[in-house]
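Novice: Next one to model:
(chains A and B)
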Amino acid sequence: RKEVEQDPGPFNVPEGATVAFNCTYSNSASQSFFWYRQDCRKEPKLLMSVYSSGNEDGRFTAQLNRASQYISLLIRDSKLSDSATYLCVVNSPWWNQFYFGTGTSLTVIP
Amino acid sequence: DAGVIQSPRHEVTEMGQEVTLRCKPISGHNSLFWYRQTMMRGLELLIYFNNNVPIDDSGMPEDRFSAKMPNASFSTLKIQPSEPRDSAVYFCASSLWGFHSDAEAFFGQGTRLTVV
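Specialist: Next up is the predicted model:
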C-alpha cells in the first residue's frame, strides 16, 4: 500500500470556481503534513503546511483529519495561475522521510 | 541563499554508460533526499541521508544505482550502467531535520535524464 494516495484528476474548473483535493495517508504515526505545488517542468515548491487545527492562506484552506488519516486542500475563487499539479506530502520527524502523493492536476479554464 | 543546486540540468547518454548526478544542499540543512519523477510513478523517494549518513535506501531500484554524501555540502547519485527505463527527472531536496521539527523540504531544479 502506498504511503500517500491522491486522486490524480485531472480537475478542469472554470475561473472563480471552488475546488477541493483530498489525500489519504497510511501511517498513523505521521507527524507533519504539507501541500506542495508543481508547475510543468519545474520542481515542487511548498504551498502550505497543514496543521491539526486547520489553516488558511488567502484563497487556500488546508485541513487535517487524523482520525480518518486524510488531508484536504480547498481553493476558492480559482485563478488561471492556479493551474498546476498539487502534491500531498506526509512526514515524520522520527525518521524524516518525506512521502509524496502522485499529485492532482488542476487546470483552471477561462 | 542559492537554494538546492543540481547539476547537470539535462543529461542525454547512451545505454550502458555511467551517469553521475550532483547535488549541493542548502547550507545548514542536515537531511538530503534523492527523488525520481516519471509520469507513470510520480515522485519516488530513492534514498535519504541524515547528517551525511544514508538512513533508508529501500527506494533505490537496483544495484545499478548508488548514492554518496561525502560531506554536508555535496551528494552524488550514480547509475552504472544506465538503461532507457532510467529516463526520468531526478530531484534532490534538503531540509533541516530535528525532533519536533516540521521543516519543509526544498527542491533543486532537477536533472532531466534521457538514456537512449
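Novice: Pull up the gap between the residue of chain B found nearest chain A and B:Glu83, please.
Specialist: Here chain B gets closest to chain A at one residue, B:Gly42, 3.4 Å apart by C-beta to the nearest C-beta. (Glycine included, C-beta is placed from N, CA and C.) Here B:Gly42 is placed at a distance of 20 Å from B:Glu83 (C-beta to C-beta, to the nearest Å).
Novice: Enumerate every residue touching the residue nearest the centre of chain B.
Specialist: Closest residue to the average C-alpha location of chain B: B:Trp34 at 2.7 Å, with C-alpha atoms, centre = their mean. Contact analysis of B:Trp34 by C-beta atoms under 8 Å, 6 or more residues apart in numbering or on different chains lists B:Cys23, B:Leu45, B:Leu46, B:Ile47, B:Tyr48, B:Ala67, B:Ser75, B:Leu77, B:Tyr90, B:Phe91, B:Cys92.
Novice: ok, for it, nearest residue in space, not its chain neighbours?
Specialist: Spatially, and ignoring its direct neighbours in sequence, B:Trp34 is nearest to B:Leu46 (4.4 Å; C-beta to C-beta, 6 or more residues apart in numbering or on different chains).
Novice: pretty sure the one you found belongs to a strand, no?
Specialist: Yes. B:Leu46 forms part of a strand when assessed by DSSP: H, G, I helix; E, B strand; the rest coil.
Novice: who's in contact with it?
Specialist: Counted by C-beta under 8 Å, 6+ apart, B:Leu46 has contacts B:Trp34, B:Tyr35, B:Arg36, B:Asp57, B:Gly59, B:Met60, B:Pro61, B:Phe65, B:Ala67, B:Leu77.
Novice: If you rank the contacts of B:Trp34 by neighbours, which is first?
Specialist: B:Cys92 (29 neighbours; other C-beta atoms under 10 Å in any protein chain shown).
Novice: Could you report the separation of that one from B:Pro25?
Specialist: 7 Å.
Novice: what is in contact with these two at once?
Specialist: B:Val4, B:Leu32, B:Ser75.
Novice: possible to save the residues you listed as a markdown table with pLDDT?
Specialist: As requested, these are exported to a markdown table (pLDDT from 0 to 100):
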| residue | pLDDT |
| --- | --- |
| B:Val4 | 97 |
| B:Leu32 | 94 |
| B:Ser75 | 98 |
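Novice: could you say what helices and strands the lowest-mean-pLDDT helix or strand in chain A packs with?
Specialist: Lowest on mean pLDDT, DSSP states H and E among the helices and strands of chain A sits strand A:99-100, with a mean of 87. Packing contacts for strand A:99-100, counted by 3 or more C-beta pairs under 8 Å, 6 or more residues apart in numbering or on different chains; DSSP states H and E, involve strand A:84-91, strand B:42-50.
Novice: ranking those strands by burial, who's on top?
Specialist: strand A:84-91 (a mean of 25; mean count of other C-beta atoms under 10 Å in any protein chain shown).
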